[in-house]
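*Asks:* Sequence first, then the predicted structure, then my questions.
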Amino acid sequence: MDGPAPAGPFGARLPRKEDPRLLRGEARFLDDIEVPPGTLHAVFLRSPHAHARILGIDASGVRDIPGALVLTAADLPQLPPLRPDLPLPGFAVTERPLLCRDLVRFVGDCVAIVLAEDAYAAEDAAELVAVDYEPLPAIVTLEQALAEGAGSVHREAPDNVLFRNQVTTEGFDAAFAAAPHVFRETFVGSRVATVSLEPRGCLARHDPGLDETVLWSSTQVPHLVRNMLCEVLGLADTAVRVIAPDVGGGFGVKASVYPEEILAIAAARLLGRPVKWAGDRQDDFLSSSHARDMRFGVEMAMDADGVLAAIRIDVLANAGAYGGIPFGSSIEAGGGPRTFPGPYRFRHYAFRTRAVATHTTPSGPYRGVAAPIAFMAFEGMMDRAAAALGLTREEIRRRNLLDTADFPFVNASGIRYDIASHHRTLTKALALSEWEDFVLRRDADPDKIRGIGIACVTEQTGQGSTRYRARGLLRIPGIEAARLKMEPSGRATLAVSQTTQGQGHLTTFAQMAAEHLGIPPAHITVLEGDTAVSPFGSGTFASRSVVAAGGAVITAAEVIAKKMKRIAGHLLEADEADIVLRDGRAEVVGTGLSVTIEEVARTAYAMRPKGVPPGESFGLDTTEYWDQPFSSVSAAVHVAEVSIEKATGRVKVERYSIVHDCGRVVNPMIVDGQVHGAVVQGLGPALMERLVHDEHGQLLTTTLLDYTLPTALDVPDIAMEHIETPALDTKGGVKGMAEGGTIGAIPVLLSAINDALRPHGAWIHAIPVRAEQLLRIIRTQPGTPEG
């Protein structure tokens, strides 16, 4: 990392406060919560058909299971359907029933809730429910959905397009027509699942005496879940409490509100008993949102020197059977064109994008959303253009990367970049990876072919309310909040409108606050994930925490720090402007005079002989909200080396290097861990992960035997360096970074594989890249040694 070691908590490589209890097995995940007496355990009866009419449901067999019962749509007639998209331009307004009454639209659609005294009895009872279906033709792929004469998934979208947008910048046609070189290709993403360590689940309880409804849910967005519960069930938000306990991985899949959460509450209120649902792995594969079934058709126009003149893209995203809440059907189709321009300088841009309905599991956010496929397409085109124009891959990027003099810069999709270090990041990444020496390593093993890849990427982070309004996502507030209270002891409690799933919030937010309060991070207790404790906010997703919630944390700390300085100045008879807070004391600069933070705090609470200054209020307590005005854009360059065994086609990632710039780094150890984990979540989709449906819409990959995930043996050592270019548009100069590892991993691995295949004349533009595919290329196109 550049620069000297930090003197204060901000920037220190502190161990995570969360880890000891997690490592000792003392965490409280959903299934660790002691269920209240009388709890019913739920199993959701799911459709085995991708598209079918429901002709009847016979639950009479359930009577053989003592205490078991079944709820269908007929038993909950008051529940309105969900409407994922709002009536805005470009959106088709469709409905999703919480329980299907007449029609199912994907394998996994909820048909009934089966409840029993324990989970095993509920599973047994579910097998006794007979549903009479009339199977209908299923639309499974993008091609089928858009084909002439295809049926429709929803009558409100007869052409199966749930969201569409089309933009052409001024002067595009002339710039595109005048360019001497145009390169064209279509890039295909792979439909994937998140596979969080802990599947989704929830526990609902209603107390009629207190008129309080409580939902424990493995969610990333407790306040948004509460909002939807109130909207759908007609409840007052003051009577609903949502708690996210320890959450075993989120990565975006748990940032949506699902029918099971609403139905658990509805059942608990109807039956007067708590209801618990703990999803299993098959539930997770069938009903938790899928992602990245996308196509990017790219036309890239360049001048004679390899400088970008204009780009046109056509984006298709398989939205599945329904849009999700709160992200709607546009999450990927809207995100693809928005992120596509990346770190490059060009003004002429045209795109058409469509989210397409099919009879498959709904799609939703997953780490990086559409960006990994967008950069796979952009970086793939840069590699192809370099080869065609006789340029090196690094040189064509240098000619097109944004430079220091360009900032602040508003790119062709309207995103503001305040400042970045793209050229410097590229130079350091090439050095870190020993790029120039790869020629000496390429032929090191006669039984393998080797390649090296490069990807220059950006990550849009910290989006606030303005961006969500512009995207039509009106159910996402975009704001975050922090409630900071310093106790008389001089220790502090910080409640934040977020919920952690392993990001290190309890450490990072404490460091950010401690920097201003002058106390150790260990003296700050961070609380999250409970709508009764945390102030209102949007939740944890889209690399927003350190920017959006961090902005609120810093603002709250600044407010308390200013008040402490006023009180300390009063106690020490000094000007508050001369007071600094550090090492647990309030000091008068250059005098040796000081008072402890505890003494200041006790004075604030009227516990000392000398009171607060005249006109000063008592207490040290504030709640502050933060709305990030602009997205904060991080940058990274990834370089990967791969080897491919000639005999088997097996790919091994031999070396992996990253140079990353996410502004000021709050805790380098946590950032390193986030980026490392994100890289692994890119390695899987690039090389092995793929959800497979048959022609009837049946998901064939519903266990971890069928759906291959990376193991520790697949993960290379990752060399990483940070550049710190403080952001100009954020509190504290920070930028988000949790998705950048995935965003860069997919394009860089495809780049490296294509480099290895160059002597064979092959070019791959779809993932995952399978060993059998590579073996076929190696055997049928032997290639010749490069001169």
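*Replies:* The structure has been received and is ready for your questions.
*Asks:* backbone phi and psi for T742, please?
*Replies:* phi -70, psi -40 (degrees, to the nearest 10).
*Asks:* roughly how far apart are it and R345?
*Replies:* Between T742 and R345 the computed distance is 25 Å (C-beta to C-beta, to the nearest Å). In short, each C-beta sits where N, CA and C put it, glycine included.
*Asks:* quick one, which of those two is more surrounded?
*Replies:* T742 (28 against 17; other C-beta atoms under 10 Å).
*Asks:* How about the contacts made by the more buried one?
*Replies:* For T742, the contacting residues are 367-368, 372, 678-679, 681-682, by C-beta atoms under 8 Å, 6 or more residues apart in numbering.
*Asks:* same thing but 6 Å
*Replies:* By C-beta atoms under 6 Å, 6 or more residues apart in numbering, T742 lies in contact with 367-368, 372, 678, 681-682.
*Asks:* For it, give me the pLDDT.
*Replies:* Listed pLDDT for T742 reads 98.
*Asks:* do the same with the one 4 residues further on
*Replies:* At I746, the pLDDT value in this model is 98.
*Asks:* Over to M1?
*Replies:* 58.
*Asks:* And P6, by the same measure?
*Replies:* We have a pLDDT of 58 for P6.
*Asks:* Report the residue spans of the stretch 251-400 of the chain with pLDDT below the cut-off.
*Replies:* Of all residues in the stretch 251-400 of the chain, none has pLDDT under 70.
*Asks:* Helices along that one, start to end?
*Replies:* For the stretch 251-400 of the chain, the helices defined by DSSP state H, counting those that start in this stretch occupy 259-271, 281-287, 331-339, 371-389, 393-398.
*Asks:* Quick one: classify the residue lying farthest from the centre of the chain as helix, strand or coil.
*Replies:* No residue in the chain sits farther from the centre than P609, which is 51.7 Å out by C-alpha atoms, centre = their mean. Assigned by DSSP: H, G, I helix; E, B strand; the rest coil, the conformation of P609 is coil.
*Asks:* Now the element after the longest helix along the chain, going C-ward?
*Replies:* The residue-count maximum for a helix in the chain (DSSP state H) belongs to helix 550-572. Next along the chain after helix 550-572, taking DSSP states H and E as the criterion, comes strand 579-582.
*Asks:* Quick check: A121 vs R63, distance?
*Replies:* 13 Å.
*Asks:* out of these two, which sits in the more crowded spot?
*Replies:* Per other C-beta under 10 Å, whichever of A121 and R63 has more neighbours is A121, with 20 against 11.
*Asks:* Pull the contacting residues for that one.
*Replies:* The neighbourhood of A121, defined by C-beta under 6 Å, 6+ apart, consists of I65.
*Asks:* Please shift the residue numbers so they start at 46 in all later answers.
*Replies:* OK, 46 is where the count begins now, so the last one is A166.
*Asks:* how much space between it and L85?
*Replies:* Distance, A166 to L85, using C-beta to C-beta: 10 Å.
*Asks:* So which residues of the stretch 96-245 of the chain form strands?
*Replies:* Shown for the stretch 96-245 of the chain, the strands assigned by DSSP state E, counting those that start in this stretch span residues 97-103, 114-116, 148-149, 155-161, 175-180, 206-213, 226-233, 237-238.
*Asks:* before we move on, what about the stretch 346-495 of the chain?
*Replies:* Counting by DSSP E, counting those that start in this stretch, one finds strands in the stretch 346-495 of the chain at the ranges 353-365, 394-402, 454-455, 461-462, 493-506.
*Asks:* Listing partners with orientation, what would you give for the fourth one?
*Replies:* Read that as strand 461-462. Counting by DSSP bridges, the strands paired with strand 461-462 are strand 454-455 (antiparallel).
*Asks:* Mean confidence (pLDDT) on the strand it pairs with, please.
*Replies:* Summarised as a single mean, pLDDT over strand 454-455 is 97.
*Asks:* and the chain, what are its domains?
*Replies:* Taking automatic domain parsing as the criterion, the chain consists of the domains 64-71+524-671, 78-181+243-293+299-332, 335-509+674-825.
*Asks:* Endpoints of the first one, how far apart?
*Replies:* Right, domain 64-71+524-671. One end of domain 64-71+524-671 sits 28 Å from the other (C-alpha to C-alpha, to the nearest Å).
*Asks:* So for it, mean pLDDT?
*Replies:* Mean per-residue pLDDT for domain 64-71+524-671: 97.
*Asks:* same question, stretch 264-280
*Replies:* 98.
*Asks:* Residues contacting that stretch, please?
*Replies:* 262, 282, 285, 287, 289, 295, 299-300, 302, 306-307, 310, 371, 544, 574, 576, 581, 584-586.
*Asks:* Show me those that map onto strands.
*Replies:* Within the contacts of stretch 264-280, residues falling in strands by DSSP state E are 262, 285, 287.
*Asks:* Tell me which stretches of the stretch 446-595 of the chain form helices.
*Replies:* Using DSSP H, counting those that start in this stretch, the helices of the stretch 446-595 of the chain run over 467-477, 483-486, 510-515, 550-562, 595-617.
*Asks:* elements contacting the second one?
*Replies:* What that stands for is helix 483-486. Packing contacts for helix 483-486, counted by 3 or more C-beta pairs under 6 Å, 6 or more residues apart in numbering; DSSP states H and E, involve no helix or strand.
*Asks:* where's R611 relative to L131, distance?
*Replies:* From R611 over to L131 the distance is 46 Å, taken as C-beta to C-beta.
*Asks:* Those two - which one has more neighbours?
*Replies:* Taking other C-beta under 10 Å, R611 and L131 do not tie; R611 has more neighbours (18 against 12).
*Asks:* Now do the closest residue to that one other than its chain neighbours: how many residues are near it, please.
*Replies:* Leaving out its chain neighbours, the residue that sits closest to R611 by C-beta to C-beta, 6 or more residues apart in numbering is E621, at 4.9 Å. Neighbours of E621 under the rule other C-beta under 10 Å: 17.
*Asks:* Repeat that for L519.
*Replies:* When counting by other C-beta under 10 Å, one arrives at 14 neighbours for L519.
*Asks:* any idea how far A104 lies from E193?
*Replies:* Taking C-beta to C-beta, one finds A104 at 42 Å from E193.
*Asks:* Apologies, that question was intended for M427.
*Replies:* 35 Å.
*Asks:* still on that earlier bit, got a winner among the ones in strands among the contacts of stretch 264-280 for most neighbours?
*Replies:* Highest neighbour count within the ones in strands among the contacts of stretch 264-280, by other C-beta under 10 Å: S262, with 31 neighbours.
*Asks:* Just to be sure, D717 is in a helix?
*Replies:* Yes - D717: assigned to a helix according to three-state DSSP.
*Asks:* Now it: closest residue in space, sequence neighbours ignored.
*Replies:* D717's closest residue in space is M765 (C-beta to C-beta, 6+ apart), at 6.1 Å.
*Asks:* of M427 and E193, who's got more company?
*Replies:* Each of M427 and E193 has its neighbours counted (other C-beta under 10 Å); M427 has more, 28 against 4.
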